[in-house]
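**Q** coords please:
(2 chains)
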Amino acid sequence: MDTQLRTFEVFHQSKRGEPHVHVGAVHAPDAELALMLARDQFARRLDCTSLWVVPSDQITATTPAQAEAWFEPATDKSYREAAGFPMRDIIKKAENWSK
Amino acid sequence: MSMMSVLSSVEPQLDWAEPQTGPEFEARLAAFEARIQRGEKIEPNDWMPLEYRKQLIRMISQHAHSEIVGCLPEGGWIPHAPTFRRKLALTAKVQDEAGHGQLLYRAAETLGVSREQMIDDLLAGRAKYSNIFNYPAVTWADVGMIGWLVDAAAIVNQLMLAEGSYGPYARAMKRICYEESFHLKQGHHFIVTMAGGTPQQRAMVQAALNRWWWPTLMMFGPSDRDSVHLEKMMRWKIKTRTNDELRYDFVAQYAPQILRLGLTIPDPELRYDEAARRWRFGEPDWEEFRRVISGHGPLNAERLAVRRAAHEEGRWVREALAAKSNRVQ
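**A** Coordinates of the predicted model:
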């Protein structure tokens, strides 16, 4: 009998208000047991306020080989950033306009 | 680009038959090594040479087996702990080790080997694990000596591994080191308490030190001059320091603490060389090291027999879980 079981990815929240962070995975037959094992494995010592488990095969991911095409800006994206709007020179110009 | 080409899962998709020579391979290898040189981590779905994958599977699975077999020398003492607090601490430590084994099996699985396969290899005697667990914990003092010195040596080694290039292994190491700092602390507390106790307790501590000193030094593996693949392991940052460097660090860090307790380290060559500002110490018995690692240590057969029996006794649990799993899907 195949006893390898499925895997569930585990997400751990250490404090209310904090994000759930991926901490690892457990082998389990179903989500309920996955949660119990995740508690034993990832919350037996560290503070924990909430755990999520997600079947590993339900996660869709980008591939590292394509990361550049996905994430590297093809063109100048400074128009999306606060730093893309420098103020010093234009403030000086506007304030001195009537002088 | 089509959507099919960019989406994947968190599970690795492997081509074990990919050619490991030729211009395309060389170009990918150069990019892989450049990434490691830049200090970036390698993640499960990244391209990697087959040899890197195999070396990591070998190392991580041996490490996982060591955690699982490592439960045995101490686990046997849980019913005999002299106080309730020591019993709780020892139980927690053994539970951590079982947990570390599971974390490491999972880290190895990201490279394309299954936990079932690794456990089968261990039970069949095809896999190695740390030599140290083939020695017996003779008295209660041995339990403290394992908690202090064996875990200290493990931490020295694992802090190095936490800097390694493979992301899932490095992340597991950080978490494991955090928990092992508790193992080390409770072991230190244990030994210092006994070393300040009755003459008989002090004698037990000294006898335990005599048994565990050399096997602990051997935990760092063979001498650099006998270490195969060292250059490549360092270039690929599977290891970032050599066995001899780690062994030296352990001695420099822990020999002074042991000597301050008035204990005697069983090495006539051990001394601090003031002029060179370095510790000098003798060589472990490499003949013994090879004998134990090839399966002829004091307890190799017994350790595996206990693991096999535990595996058989747990079979009905695994099968019940698997049946539940099949029904749910």
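**Q** what does chain B put close to chain A?
**A** Contact residues of chain B with respect to chain A, defined by Cβ under 8 Å from any Cβ of the partner chain, are listed as B:1, B:5-11, B:43, B:45-47, B:95, B:99, B:102-103, B:106, B:109, B:114-116, B:171-172, B:175, B:179, B:182, B:318-319, B:321-325, B:328. (Glycine included, C-beta is placed from N, CA and C.)
**Q** just checking, which of those residues belong to helices?
**A** Among the residues of chain B next to chain A, the members found in helices (DSSP state H) are B:5-6, B:95, B:99, B:102-103, B:106, B:109, B:115-116, B:171-172, B:175, B:179, B:182, B:318-319, B:321-325, B:328.
**Q** look up how far residue B:67 lies from the residue in the stretch 101-250 of chain B that chain A sits nearest to.
**A** Residue nearest to chain A within the stretch 101-250 of chain B: residue B:116 (4.6 Å; Cβ to the nearest Cβ). Using Cβ to Cβ, to the nearest Å, residue B:116 is found at 17 Å from residue B:67.
**Q** also residue A:80?
**A** The gap separating residue A:80 from residue B:67 is 47 Å, by Cβ to Cβ.
**Q** more neighbours: which of the two?
**A** Higher neighbour count among residue A:80 and residue B:67: residue B:67, with 23 against 9, using other Cβ atoms under 10 Å in any protein chain shown.
**Q** that one touches residue B:94, doesn't it?
**A** No - between residue B:67 and residue B:94 there is no contact, the gap being 10.2 Å when judged by Cβ atoms under 8 Å.
**Q** so where's the chain uncertain?
**A** You didn't pick a chain, so chain A it is. For chain A, applying pLDDT under 70 flags the ranges A:1.
**Q** could you do chain B instead?
**A** Scanning chain B for pLDDT under 70 picks out the ranges B:1-8, B:326-329.
**Q** quick one: the helices in the stretch 151-300 of chain B, in order.
**A** Along the stretch 151-300 of chain B, the segments classed as helices by DSSP state H, counting those that start in this stretch run B:151-161, B:167-195, B:199-218, B:230-235, B:243-260, B:286-291, B:300-313.
**Q** contacts only, for the residue nearest to residue B:234 when sequence neighbours are not counted.
**A** Closest residue in space to residue B:234, ignoring its immediate chain neighbours: residue B:240 at 7.0 Å, by Cβ to Cβ, 6 or more residues apart in numbering or on different chains. Taking Cβ atoms under 8 Å, 6 or more residues apart in numbering or on different chains as the criterion, residue B:240 is in contact with B:160, B:163, B:164, B:234.
**Q** could you do residue B:109 as well?
**A** The contact partners of residue B:109, taken as Cβ under 8 Å, 6+ apart, are A:7, B:115.
**Q** separation between the residue of the stretch 101-250 of chain B closest to chain A and residue A:58?
**A** 22 Å.
**Q** likewise for residue B:93?
**A** Counting by Cβ to Cβ, the gap from residue B:93 to residue A:58 is 35 Å.
**Q** over to residue B:222?
**A** Residue B:222 sits 44 Å away from residue A:58, taking Cβ to Cβ as the criterion.
**Q** which one of these two is surrounded by more residues?
**A** residue B:222 (17 against 11).
**Q** residue B:289 is in contact with the more buried one, correct?
**A** Yes - the pair residue B:222 / residue B:289 is scored as a contact, 7.0 Å apart, by Cβ under 8 Å.
**Q** related to what we said a few turns ago, buried subset of the ones in helices among the residues of chain B next to chain A?
**A** The neighbour-count test (16 or more other Cβ atoms under 10 Å in any protein chain shown) applied to these identifies B:95, B:99, B:102-103, B:106, B:109, B:115-116, B:171-172, B:175, B:179, B:182, B:318, B:321-322, B:324-325 as buried.
**Q** thinking again about what came up before, ranking by neighbours, what's the top pick from the contacts of residue B:240?
**A** residue B:164 (22 neighbours).
**Q** touching, that one and residue B:174? I think so.
**A** No - Residue B:164 sits out of contact with residue B:174 when judged by Cβ under 8 Å, with a separation of 10.8 Å.
**Q** where does chain A come near chain B, residue by residue?
**A** Proximity of chain A to chain B (Cβ under 8 Å from any Cβ) is limited to residues A:1-7, A:9, A:23-30, A:33, A:40-41, A:44-45, A:56-57, A:59-66, A:69-70.
**Q** and the residue in chain A that chain B sits nearest to, how many neighbours?
**A** In chain A, no residue comes nearer to chain B than residue A:29, which is 3.2 Å away by Cβ to the nearest Cβ. One way to gauge burial is a neighbour count; for residue A:29, by other Cβ under 10 Å, it gives 21.
**Q** okay, and residue B:87 sits in which element?
**A** With elements taken from DSSP states H and E, the one containing residue B:87 is helix B:84-109.
**Q** which residues in chain A form strands?
**A** Chain-ordered strands for chain A, with DSSP state E as the definition, fall at A:6-13, A:21-28, A:50-55, A:61-62.
**Q** for residue B:279, find the nearest of those.
**A** For these, proximity to residue B:279 was assessed by Cβ to Cβ; strand A:21-28 is nearest, at 37.7 Å.
**Q** so what touches the closest one?
**A** The contact list for strand A:21-28 (Cβ under 8 Å, 6+ apart) reads A:4-14, A:34, A:37-38, A:41-42, A:53, A:56, B:102-103, B:106, B:115, B:171-172, B:175, B:321, B:325.
**Q** quick check, the residue in chain B closest to chain A?
**A** The nearest approach of chain B to chain A comes at residue B:325, 3.2 Å away (Cβ to the nearest Cβ).
**Q** and the residue most central in space within chain B, which helix or strand is it part of?
**A** Among the residues of chain B, the one closest to the centroid is residue B:63, at 4.2 Å (Cα atoms, centre = their mean). Counting by DSSP H and E, the element that carries residue B:63 is helix B:50-75.
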